[in-house]
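Colleague: Give the three-dimensional model of this entry:
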Amino acid sequence: MPLRNNIIGCINFIAVLFSIPIIGAGIWLTTGTVNSCFMLLQWPVIILGILILLVGLAGLIGGFWRITWLLVVYLIAMLALIVLLGVLVGFIYMVTLRGSGRPQPSRAYLEYSLEDFSGFLRRRVHRSYKWERIRSCLSTTSICPDLNQRFTLAQDFFNAYLSPIQSGCCKPPTKCGYTFVNATYWISPISLHM
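Modeller: Okay, here's the model as predicted:
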């Protein structure tokens, strides 16, 4: 029995050590030196790191000093963390399940539409304050500007395999009929007919 407690203590010592960089990463995200996309993750990362630290400390102390009630608390907390992570993965899967993209004629990339995703995700993105956060997040990255450097000709762009974010956020939907100028600048079909 003492060997088993020492093994539990050692495993949790490693968990405590791993929680320190997780908390550090969350604190680094709060400094504002990173773009706004990653700043959305600051509090979830800090909370996750603190939870791992607390659970690891409970297992470490309970394992080395053979405190039975603390080991029970550790096991319940570990089970709760595993269940919460499982629920989170399931939730993300269910929200994004239908958003697989559709092929378009004469295009190598897939076309993504918000209507393909769950109602929960559509309601979240349609809110104006949420969309402003997403837009400001994208404007601070090089996701869309990199397309301008990679593709100068329309046919090269149409034959490219784009990521879902590049296809859904950096260009207008194909069905709208915009004319390609560069990867992030398109001319409206309405302005062509005026």
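Colleague: helix or strand for the residue nearest to L70 when sequence neighbours are not counted, which one?
Modeller: Distances taken as C-beta to C-beta, 6 or more residues apart in numbering put G62 closest to L70, at 3.5 Å, once the chain neighbours are dropped. No exception for glycine: its C-beta is placed from N, CA and C like everyone else's. Taking DSSP states H and E as the criterion, G62 maps to helix 42-64.
Colleague: circling back to that earlier point, test my guess that the residue nearest to L70 contacts A77.
Modeller: No - contact between G62 and A77 fails when scored by C-beta atoms under 8 Å: they sit 10.8 Å apart.
Colleague: The two: who's more crowded?
Modeller: More crowded of G62 and A77, by other C-beta atoms under 10 Å: G62, with 22 against 16.
Colleague: Contacts only, for the more buried one.
Modeller: Residues near G62 by C-beta atoms under 8 Å, 6 or more residues apart in numbering: N5, I8, G9, T68, L70, L71, V73, Y74.
Colleague: Give the single residue among those residues positioned nearest to L97.
Modeller: Nearest to L97 out of the contacts of G62 is Y74 (C-beta to C-beta; 34.5 Å).
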